[in-house]
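Chemist: coords please:
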Amino acid sequence: MRRDTFLKSLAALAAAGALPLSAHAASAVKMMLPANPGGGWDSTGRALGKALLESGAASSVTYDNKGGAAGAIGLAQFVNSSKGDPNALMVMGAVMLGGIITGKPPVSLSQATPIARLTSEYNVFVLPANSPYKSMAEVIAQLKKDPGSVKWGGGSRGSTEHIAAAMIAREVGVDPARINYVAFRGGGEAIAAILGGNVTIGGGGYSEMAEYIATKKMTPIAVTSGQRLKNSTVPTLKEQGINVEIGNWRGVYAAPGITAEQRKALTEMVAKAVKSKSWAESLEKNDWTPAWMAGDEFANFVDNEFASLRATMVKAGMV
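Modeler: Next up is the predicted model:
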């Protein structure tokens, strides 16, 4: 076979997704980050992009931040503009499921293609450095006295910190419908509000708050895990007599309408990235727990999480 004919045949096979990952040139990945800069999805997506590059799984990575509505705005753009694109990825997680349950957007996560769960972590509740309160007990006392006076700050409606706030209210005998929850478009905006003292209490992923806790710009008062986090002295809600435990996780989806082979290639690409030194460094730096799960197992996990979160939110009076 002539060399030019062979190359044309190879290109045709690649375009059809019929070649194994090893036969593909490294891809130019387009990463949808369905939140504003500075939050957990943003940092996860950029850490994954760096790992894709450093592992050689991708030749380039471009990012598109599209925040709002617990990721539903970014999801809608991803579903509508990336159909059939074998190089498109979107960061998502538990927060997106909660947002879909509360917001009922016109697009569904089931329209996109599940690839893998990447990390898990728990949330922390913090007070601004200049807060008149010193503990969760003091915040709860004020919440019982005047629910509207306690301004909770965090991610979009349906985020894990929003669900946790509603669960806390219910556990201490306050109607969850009366909590004053201020939803921000991303972790960066929520952090700015906490640092500025514009909310009474803030919630978010521990990794997002860690540097501000370390520099005493925020005071941590509770974590949402069942046990204290490794190397942390922050008490759990359960330790403080509040029977609430809720975790967060993040993963990636691919575009709608890709082939089984293209899905397999993307899964292998992401798997290669999370085995890299770069990704290991990001896990360590951000105190993320690796939680790899892929394929149908991940798809089934997401379905089960939808059902579990809905049940929790119904119990907490959120839906």
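Chemist: use CA for all of it now, contacts and neighbours both
Modeler: Fine.
Chemist: ok, and for stretch 281-289, which residues are buried?
Modeler: For stretch 281-289, burial by neighbour count (16 or more other CA atoms under 10 Å) applies to 282-283, 286-288.
Chemist: can you give me the helices for the stretch 101-250 of the chain?
Modeler: With DSSP state H, counting those that start in this stretch as the criterion, the stretch 101-250 of the chain has helices at 136-145, 160-171, 187-195, 206-214.
Chemist: pull the residues that contact the lengthiest helix in the chain.
Modeler: Once the chain is assigned using DSSP state H, the helix that runs over the most residues is helix 295-315. Outside helix 295-315, the residues within contact range by CA atoms under 8 Å, 6 or more residues apart in numbering are 94, 97-98, 101, 114-117, 163, 267, 319.
Chemist: take those and keep only those in strands.
Modeler: 114-117 (DSSP state E).
Chemist: could I get those as TSV with distance to K217?
Modeler: Formatted as TSV, the ones in strands among the contacts of helix 295-315 follow (distance: CA to CA, whole Å):
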residue	distance to K217
P114	38
I115	37
A116	35
R117	32
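Chemist: any stretches of this structure with poor pLDDT?
Modeler: Under the criterion pLDDT under 70, the flagged ranges of the chain are 1-26.
Chemist: which parts of it belong to which domain?
Modeler: Following the assignment in the TED database, the chain carries domains at 29-120+248-316, 122-240.
Chemist: end to end on the first one, go ahead and measure it.
Modeler: As for domain 29-120+248-316, its first-to-last residue distance stands at 39 Å under the measure CA to CA, to the nearest Å.
Chemist: same check on stretch 189-201?
Modeler: End to end - CA to CA - stretch 189-201 spans 14 Å.
Chemist: am I right that E284 sits in a strand?
Modeler: No. Counting by DSSP: H, G, I helix; E, B strand; the rest coil, E284 is not part of a strand but helix.
Chemist: need the strands for the stretch 1-150 of the chain, in chain order.
Modeler: Under the criterion DSSP state E, counting those that start in this stretch, strands of the stretch 1-150 of the chain are mapped to 27-33, 58-65, 88-93, 113-128.
Chemist: parallel or antiparallel, list what pairs with the first one.
Modeler: Taking DSSP bridges as the criterion, strand 27-33 pairs within the sheet with strand 58-65 (parallel), strand 88-93 (parallel).
Chemist: how far is it from where the chain is centred?
Modeler: Taking CA atoms, centre = their mean, to the nearest Å, one finds strand 27-33 lying 17 Å from the centre of the chain it belongs to.
Chemist: contact partners of stretch 232-242?
Modeler: If you take CA under 8 Å, 6+ apart as the criterion, stretch 232-242 is touched by 137, 168, 171-172, 220-228, 243-245.
Chemist: among the residues you listed, who's most crowded?
Modeler: With neighbours taken as other CA atoms under 10 Å, the top of the contacts of stretch 232-242 is V223, carrying 30 neighbours.
Chemist: and the two most separated of the contacts of stretch 232-242?
Modeler: Farthest-apart pair in the contacts of stretch 232-242 is V172 and R228; separation 21.1 Å (CA to CA).
Chemist: hmm, back to that, point out the most buried one among the strands paired with strand 27-33.
Modeler: strand 88-93 (a mean of 26; mean count of other CA atoms under 10 Å).
Chemist: and that strand with helix 160-171, angle?
Modeler: Relative orientation of strand 88-93 versus helix 160-171 (axes from the mean of the first three to the mean of the last three CA atoms, to 10 degrees): 20 degrees.
Chemist: residues contacting strand 88-93, please?
Modeler: With CA under 8 Å, 6+ apart, strand 88-93 has contacts from 29-34, 41, 44-45, 71, 75, 78, 82, 248-255.
Chemist: quick one, which of those residues are buried?
Modeler: Judged by 16+ other CA under 10 Å, buried ones among the contacts of strand 88-93: 29-34, 41, 44-45, 71, 75, 78, 82, 248-255.
Chemist: would you agree F78 is in contact with A254?
Modeler: No. The criterion here is CA atoms under 8 Å, and F78 misses it with A254 at 9.0 Å.
Chemist: coming back round to it: would JSON lines of the strands paired with strand 27-33 with distance to N304 be doable?
Modeler: Putting those into JSON lines (distance: least, CA to CA, whole Å) gives the following:
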{"stretch": "strand 58-65", "distance to N304": "28"}
{"stretch": "strand 88-93", "distance to N304": "13"}
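Chemist: right, and the ones you listed - which one's nearest G186?
Modeler: Taking CA to CA, strand 58-65 is the member of the strands paired with strand 27-33 nearest to G186, at 10.3 Å.
Chemist: quick check: chain neighbours aside, which residue is closest to T113?
Modeler: Distances taken as CA to CA, 6 or more residues apart in numbering place A254 nearest to T113, at 4.8 Å, with adjacent residues excluded.
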